[in-house]
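Chemist: my questions concern the predicted model and sequence given below.
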Amino acid sequence: MKIIVHTMEYTGEKADSPLTLRNYESSDFSRYQIIYNECFSEMRSCLSINPINCCDKEENLLKKRQKIFILEDNKKIIGSVAVYGNEIDDLIVAKSHQRRGYGERLLKFAVSYLQKNKISPIRLYVADWNQGALKMYIKNGFKITHTEIIN
């Protein structure tokens, strides 16, 4: 199976984010794992990528906790975004909260965070299969800078 992956770079304006997110904690693991797997398992299944459920191990997430930002609603995790170096990664929103603008808000938070820390260029990677995410990224100031086909 061939997978098309786009490298995208932010070319938009200065981003402002009103979100206040907290860093990942060990008590988040089970809820985070559920949301992460529900966001990626359909794509991984359709693209024949194994394992289907691919959330990182709890100890690895704890090592990266300062780079993983959690979005809550009524003290319940509904989404997250990670920022590693200049890369926005693992932007996830619980299925029950999708299509309400949370993904866009998490994306703007990450861009704003990187801009405030004077980190550039701001990049992310997205599978062509994920057209919803691809369109959201383009709508929010990202441009495709490279496309790669992975076997």
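Modeler: Here it is on my side, so go on. Numbering: from 1, shown residues only.

Chemist: and the residue nearest the centre of the chain, how far from residue 38?
Modeler: Among the residues of the chain, the one closest to the centroid is residue 91, at 1.6 Å (Cα atoms, centre = their mean). For residue 91, the distance to residue 38 equals 14 Å [Cβ to Cβ, to the nearest Å]. The C-beta positions use only the backbone N, C-alpha and C, and glycine is treated the same way.

Chemist: the helices in the protein, which residues?
Modeler: Secondary structure of the chain (DSSP state H): helices located at 29-46, 58-63, 102-116, 131-139.

Chemist: residue 125: which of the ones you listed is closest?
Modeler: Of all these, it is helix 131-139 that lies closest to residue 125, at 10.2 Å by Cβ to Cβ.

Chemist: how far does that closest one sit from its chain's centre?
Modeler: 12 Å (Cα atoms, centre = their mean, to the nearest Å).

Chemist: what's the answer for stretch 113-132, then?
Modeler: 9 Å.

Chemist: can you tell me what sits against it?
Modeler: Counting by Cβ atoms under 8 Å, 6 or more residues apart in numbering, stretch 113-132 makes contact with 3-10, 14-15, 17, 43, 46-47, 69, 83, 85-89, 91, 110-111, 133-134, 137, 142, 145, 147, all of which sit outside it.
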